[in-house]
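Chemist: build me a model:
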Amino acid sequence: MSNSVDLVLVNPNSRKRIYQSLGGSIAAVESPVWVGLMSTFVQGKGYTTRIIDAEAEELSPSEIAVRIEELNPSLTAVVVYGHQPSASTQNMTGASAAVTAIKSSNPDRKVLLLGGHVAALPKETLSTERADYTCGGEGLFTLTALIEAIKGGRAEDLDKVPDLWFWEKTGKSKFSAASAPLLKDLDREMPGMDWDQLPMDRYRAHNWHCFGDLARQPYAAIYTTLGCPYHCSFCCIQAPFRSGEKALGMKETTSSYRFWSPKVVLDQIEMLVKKHGVRNLKFADEMFVMNPRHVIGICDGIIERKLDLNIWAYARVDTVKDNMVDKLIAAGVRWLVFGIEAATDRVRTNVEKRFQREEVYETVGKVRAAGINVLGNYIFGLPEDDVESMQDTLNLALDLNTEFANFYSAMAYPGSQLHHIAQKEKWALPETWSGYSQHSVDTLPLPTKYLSAGEVLKFRDQAFQTYFRHPTYLAMVEKKFGAATVGQIKEMTQHKLDRKFVGASKIAA
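Modeler: You can find the predicted model right below:
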């Protein structure tokens, strides 16, 4: 059977394992941004691609393997990313199962694993999974060079594939030592996602994104930038951008933060609106609201093109400038997500979040006064946390009373500085990749200097219950979004999560 496709890109399915009952109708189903971008890039180099979005289509590992055999690609790439950088590791659960099924079906099938988690641990991933190759970098140039090497049939060509880990005939793992640059000309070489191959009718917005409306489809997620200029110690976003030898510990010398032009972004948005009826839109950039020229350029374009949108995006409390807010609301930005993380200064400063509590109140107040809803992200169990500081964070969340909130336990995600610290200090880490999920049965956060992992997790779960059942919060939601939305929140709090590492067998999500 001849190869009919050069590359198949697989978005694996881990939803039920890592979200438990929340993986049903509550969880969002997002368009796989990196899969779509990689397909566009590879096609631009003259190769053929196919996409299998196993999460959206709810495919089992064996069903993925059947699809792969039907397509018979030269290379299969299982892409390990998630809704945000921290979700990459937990998605290794589905990625591992997919690779195992593909190789069990056909041991000769060439399989590459790549993505944030893989870039953080390329050698370890190659050693523990059945993939033929892993990628220690961003992956774009790795894909095209590896396709060429496989099609050429010369084993020695693998040494020339940038950021590649592979098995030698002797059975030892080897790094190619070739280093790929980060892709710079995004407009020309990767102008948007390969939407034509994605099951657009399957994607669904977050429940909070559509408060007051409840129509969660159609939905799409896109990038307007790549990378991040910040290096928060708990975040693993930089892992895939440390290309080549940098993945092995060399100092990073270039910024990972890059932009698409407003015109390219706007053309993609307009296509989504007109062709697919998309109104609910996520700017998946780790930090969309940062560069004023970029942000205002996109907002002005949306306004000029008269696109009716319900957008959410990430921001920091120290990046929202006064001249941005009116533009954001006029362009349809209805939600901004802020990484507030912790209330106590010593806890926040210890993880490189260097802003003051007063800035949080000022920025959140300014944004909400303009008519933009706020989602606050909070982390319990950072290294300096104790019971008092975690309660301080919960009190801050209750006082801000934002339209939604996410409560996380601190995790030592591979690729983050916290992971390096945890290994050095010999702190207990999850024994399974699903243990890095915030919602799985075997979730295992980090201990702090003062608290055990189980104590942190128990506090987190109780904080969720306290916040979303608080009378002040529910009254605010009813006033802003209506009784139906309050009912939706109450239904959400009824979902129970089994927890292995806390005393109670079932604690509210």
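
Chemist: which intervals of the stretch 251-400 of the chain have sub-threshold pLDDT?
Modeler: Along the stretch 251-400 of the chain, the parts satisfying pLDDT under 70 run over 251-254, 350-354.

Chemist: where exactly do the helices run in it?
Modeler: Applying DSSP state H, counting those that start in this stretch to the stretch 251-400 of the chain gives helices spanning 262-276, 292-304, 322-330, 345-350, 357-369, 387-400.

Chemist: do you know which of those lies nearest Y378?
Modeler: When the helices of the stretch 251-400 of the chain are compared by CB to CB, helix 387-400 sits nearest Y378, at 5.4 Å. The way it works is simple: take the backbone N, C-alpha and C, and place the C-beta from them, glycine included.

Chemist: list the buried ones in that closest one?
Modeler: Neighbour-count burial for helix 387-400 flags 389-390, 392-394, 396-398, 400 (criterion: 16 or more other CB atoms under 10 Å).

Chemist: ok, so of the residues you listed, who is nearest R202?
Modeler: R202 lies nearest to A397 out of the buried residues of helix 387-400, by CB to CB, at 32.7 Å.

Chemist: ok, back up a step: turn the buried residues of helix 387-400 into a markdown table, including distance to V265.
Modeler: As requested, the buried residues of helix 387-400 are exported to a markdown table (distance: CB to CB, whole Å):
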| residue | distance to V265 |
| --- | --- |
| S389 | 40 |
| M390 | 39 |
| D392 | 39 |
| T393 | 35 |
| L394 | 37 |
| L396 | 34 |
| A397 | 32 |
| L398 | 37 |
| L400 | 31 |
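
Chemist: what's the closest of those residues to T170?
Modeler: Nearest to T170, judged by CB to CB, of these is M390 at 50.8 Å.

Chemist: for the nearest residue to S416 once chain neighbours are set aside, give me its contacts.
Modeler: Nearest non-adjacent residue to S416, counting by CB to CB, 6 or more residues apart in numbering: C236, 4.3 Å away. Taking CB atoms under 8 Å, 6 or more residues apart in numbering as the criterion, C236 is in contact with 85-86, 88-89, 116-117, 120, 413-416, 419.

Chemist: G192 is nearest to which of the helices of the stretch 251-400 of the chain?
Modeler: helix 262-276 (4.2 Å).

Chemist: taking helix 292-304 as reference, get the angle to the closest one.
Modeler: Per axes from the mean of the first three to the mean of the last three CA atoms, to 10 degrees, the angle that helix 262-276 makes with helix 292-304 is 40 degrees.

Chemist: in helix 262-276, what's buried?
Modeler: 262, 264-269, 272-273, 276.

Chemist: now it: how far from the chain's centre is it?
Modeler: Remark: helix 262-276 is offset 22 Å from the chain centroid, using CA atoms, centre = their mean, to the nearest Å.

Chemist: now for that helix, which elements pack on it?
Modeler: For helix 262-276, the packing partners by 3 or more CB pairs under 8 Å, 6 or more residues apart in numbering; DSSP states H and E come out as strand 219-222, helix 292-304.

Chemist: return the most buried member of these.
Modeler: For these, the largest average neighbour count (mean count of other CB atoms under 10 Å) is found in strand 219-222, namely a mean of 23.

Chemist: ok, and what's touching it?
Modeler: If you take CB under 8 Å, 6+ apart as the criterion, strand 219-222 is touched by 28-31, 33, 192-193, 195, 200, 203-205, 265, 268-269, 272, 276, 278, 280-284.

Chemist: please repeat the previous calculation with a cut-off of 10 Å.
Modeler: Strand 219-222 is contacted from outside by 28-33, 36-37, 83, 192-193, 195, 198, 200, 202-206, 209-210, 260, 265, 268-269, 272-273, 276, 278-285, 310, 312, using CB atoms under 10 Å, 6 or more residues apart in numbering.

Chemist: that one: what's the following helix or strand?
Modeler: Once the chain leaves strand 219-222, the next helix or strand it forms, by DSSP states H and E, is strand 225-226.

Chemist: which residue, neighbours along the chain excluded, lies closest to G192?
Modeler: Nearest residue to G192, sequence neighbours excluded (CB to CB, 6+ apart): Q268, at 4.2 Å.

Chemist: contacting residues for the one you found?
Modeler: Contacts here follow CB under 10 Å, 6+ apart; on that basis Q268 touches 191-193, 195, 220, 222-224, 260.

Chemist: next one: it from S31, what distance?
Modeler: 12 Å (CB to CB, to the nearest Å).

Chemist: what touches both of the two?
Modeler: Listed contacts common to Q268 and S31 are 193, 195, 220, 222; contacts here mean CB under 10 Å, 6+ apart.

Chemist: nearest to V364, of the buried residues of helix 387-400?
Modeler: L400 (5.7 Å).

Chemist: my guess is that closest one meets Y361, correct?
Modeler: Yes: between L400 and Y361 there is a contact at 7.3 Å, judged by CB atoms under 10 Å.

Chemist: how far away is the closest residue to H470 other than its chain neighbours from E491?
Modeler: Leaving aside its sequence neighbours, H470 sits nearest to L398 (CB to CB, 6+ apart; 6.3 Å). Counting by CB to CB, the separation of L398 from E491 is 21 Å.

Chemist: and for S416?
Modeler: Distance, S416 to E491, using CB to CB: 34 Å.

Chemist: give me the more crowded residue out of the two.
Modeler: S416 (26 against 12; other CB atoms under 10 Å).

Chemist: might you report the residue contacts of that one?
Modeler: Taking CB under 10 Å, 6+ apart as the criterion, S416 is in contact with 85-86, 89, 120, 231-239, 351, 410, 422.

Chemist: save the helices of the stretch 251-400 of the chain as CSV, and put in distance to D53 too.
Modeler: Converted to CSV, these look like this (distance: least, CB to CB, whole Å):
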stretch, distance to D53
helix 262-276, 15
helix 292-304, 26
helix 322-330, 30
helix 345-350, 37
helix 357-369, 33
helix 387-400, 34
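
Chemist: for the closest residue to P162 other than its chain neighbours, give me the pLDDT.
Modeler: With CB to CB, 6+ apart as the measure, A180 is the residue that lies nearest to P162, at 3.5 Å, once sequence neighbours are left out. Predicted confidence (pLDDT) for A180: 88.

Chemist: and for A180, the neighbour number?
Modeler: So A180, with other CB under 10 Å, has 22 neighbours.

Chemist: list the contacts for it?
Modeler: Counted by CB under 10 Å, 6+ apart, A180 has contacts 135-142, 144-145, 161-164, 243-244.

Chemist: all set, thanks.
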